[in-house]
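Colleague: following is a predicted model, sequence given first.
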Amino acid sequence: MSVFTSIRVRRGLDAVANQLLHALIVGLVLLSVALVAVPVAERYSPAHETALVIAIPLVLVFELASGVVHRFVDWLLYGSRGDAANASWQLARGLERFDDDKAVAGLAAALVDTLRLSYLQVVTQVDGTRTTIAEHGAAGVEPSRFPITHAGVDLGQLSARRRHTPLDVRDERLLQAAAAQLGVVLHANRLTAQLQHAREDLVLSREDERKRLRRELHDGVGPTLAGIGLGLEAADNALPVDISRARGLLSDVRTDVAGLIEDVRRVVDGLRPPLLDEVGLVGALTQRAKAFADTSGWTMSLDSDPLPALPAAVEVAAFRIGSEALTNVARHARATRCDIRLGVSGGSLVMEICDDGSGGAAPGKGTGLASIRDRATELGGIVTIDSHEKGTTLRVRLPLAAMSPHE
């Protein structure tokens, strides 16, 4: 027997069972009414009118009860699939009663109850790894499967079946709608997790930077300042009695001050690239690209539209991203040319870095591209990569509207 024949047979049996149960309940209702109506008719009506007195309430009860019983039987066997509004309301209730981490389980439980399912499973897929996050019952025979997607991205799969009765078109439509809702929930959960990771990374980065600054100040600037103070005190003591010694001590202090200036400049340079303050973003990227071109042997060009005053965070991020991209070109692309374009479009700074190298760049390959994506994501930016055998184009959009200049 083929699969389709088996499905038709099961659906036929399902329809027969539905009708038998409907007839049984209606028959029981009519029998109950008859047990009441017959004695009354025999006692209070003439003999020739007894049948009519009995028939009238039976017909009325049949007309009233048949539709109600039919809906009751359908609900008993299949849940709320026949009432789309009620089914949608129950699924929405399954979502609103739970917070983000339990919303999937709540929706799964609502599906099982709404459609009288004997088996339901929700599986997520992240980086090729499949994880079951909600499951009810045992699969038994092969269940029906529905993909869970959001914005064209495959997020997982919803599997469901009902014992002894196959899913019909109404069931499948409701399950497809539920899969769409699950896609929204899973996407929101991923965004929440990414936001949490970004916050953790931000806190760790901030504390690492504070630790670095403390170490620089404590180990470099602090001892130098203490030495300068002692040198000045010694020079002051030696001045009345030995001018030459005082001059030597002051010369040592001058040397310490020069070294201190270099230490402070190094600390400041670690906070923000000095080239940005000296020549701006366009000039800084031009100098960096020329340095790579001179050492790697490829030619370069930089074309920029007039840029407005950029927020400091965007300026630094664009310079760091550009520097990392140029490093990747020099190390891996085997290119003969690299072109950089800068401009503002749609309220965002847009930077493109194109090379004619061997390609092969992909978002999941290497720490350089991961660093570029992280820097852009921190500012709500977008990174796209088009890489093939004729070269690679890296396009970065960094929004400007959320920040004021020099923030």
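Modeller: Perfect, I can see it now.
Colleague: the stretch 301-407 of the chain: strands as residue ranges?
Modeller: With DSSP state E, counting those that start in this stretch, the ranges of strands along the stretch 301-407 of the chain come out as 337-345, 348-355, 382-388, 391-399.
Colleague: same check on the chain?
Modeller: If you assign secondary structure with DSSP state E, the strands in the chain sit at 119-126, 129-136, 144-150, 153-161, 299-304, 337-345, 348-355, 382-388, 391-399.
Colleague: quick check: domain ranges of this structure?
Modeller: For the chain, automatic domain parsing gives the domain ranges 3-78, 198-271, 276-399.
Colleague: which stretches of the protein have low pLDDT?
Modeller: Applying pLDDT under 70 to the chain picks out residues 1-101, 164-165, 269, 362-366, 402-407.
Colleague: and the helices in it?
Modeller: Listed in chain order, the helices of the chain (DSSP state H) span 3-44, 50-78, 84-96, 103-115, 169-216, 222-238, 243-271, 274-296, 312-328, 367-378.
Colleague: mind putting the strands of the stretch 301-407 of the chain into CSV with mean neighbour count and distance to residue 184?
Modeller: The C-beta positions use only the backbone N, C-alpha and C, and glycine is treated the same way. What follows is those, written out as CSV (neighbours: other Cβ atoms under 10 Å; distance: least, Cβ to Cβ, whole Å):
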stretch, mean neighbour count, distance to residue 184
strand 337-345, 17, 30
strand 348-355, 22, 26
strand 382-388, 15, 21
strand 391-399, 21, 24
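Colleague: mind putting those into a markdown table with distance to residue 264?
Modeller: Shown next, in a markdown table, are these (distance: least, Cβ to Cβ, whole Å):
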| stretch | distance to residue 264 |
| --- | --- |
| strand 337-345 | 32 |
| strand 348-355 | 31 |
| strand 382-388 | 35 |
| strand 391-399 | 30 |
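Colleague: out of these, nearest to residue 255?
Modeller: The stretch from the strands of the stretch 301-407 of the chain with the least distance to residue 255 (Cβ to Cβ) is strand 337-345; that distance is 42.1 Å.
Colleague: can you list the strands that the closest one pairs with?
Modeller: Each strand that strand 337-345 pairs with, and the sense of that pairing, follows from DSSP bridges: strand 299-304 (parallel), strand 348-355 (antiparallel).
Colleague: so how far is residue 140 from residue 167?
Modeller: Using Cβ to Cβ, to the nearest Å, one gets 13 Å for the distance from residue 167 to residue 140.
Colleague: who's more crowded, the two?
Modeller: The residue with more neighbours, out of residue 167 and residue 140 and counting by other Cβ atoms under 10 Å, is residue 167; that gives 21 against 10.
Colleague: so what's that one closest to, chain neighbours aside?
Modeller: Using Cβ to Cβ, 6 or more residues apart in numbering and skipping residues adjacent in sequence, the residue nearest residue 167 is residue 144, 5.3 Å away.
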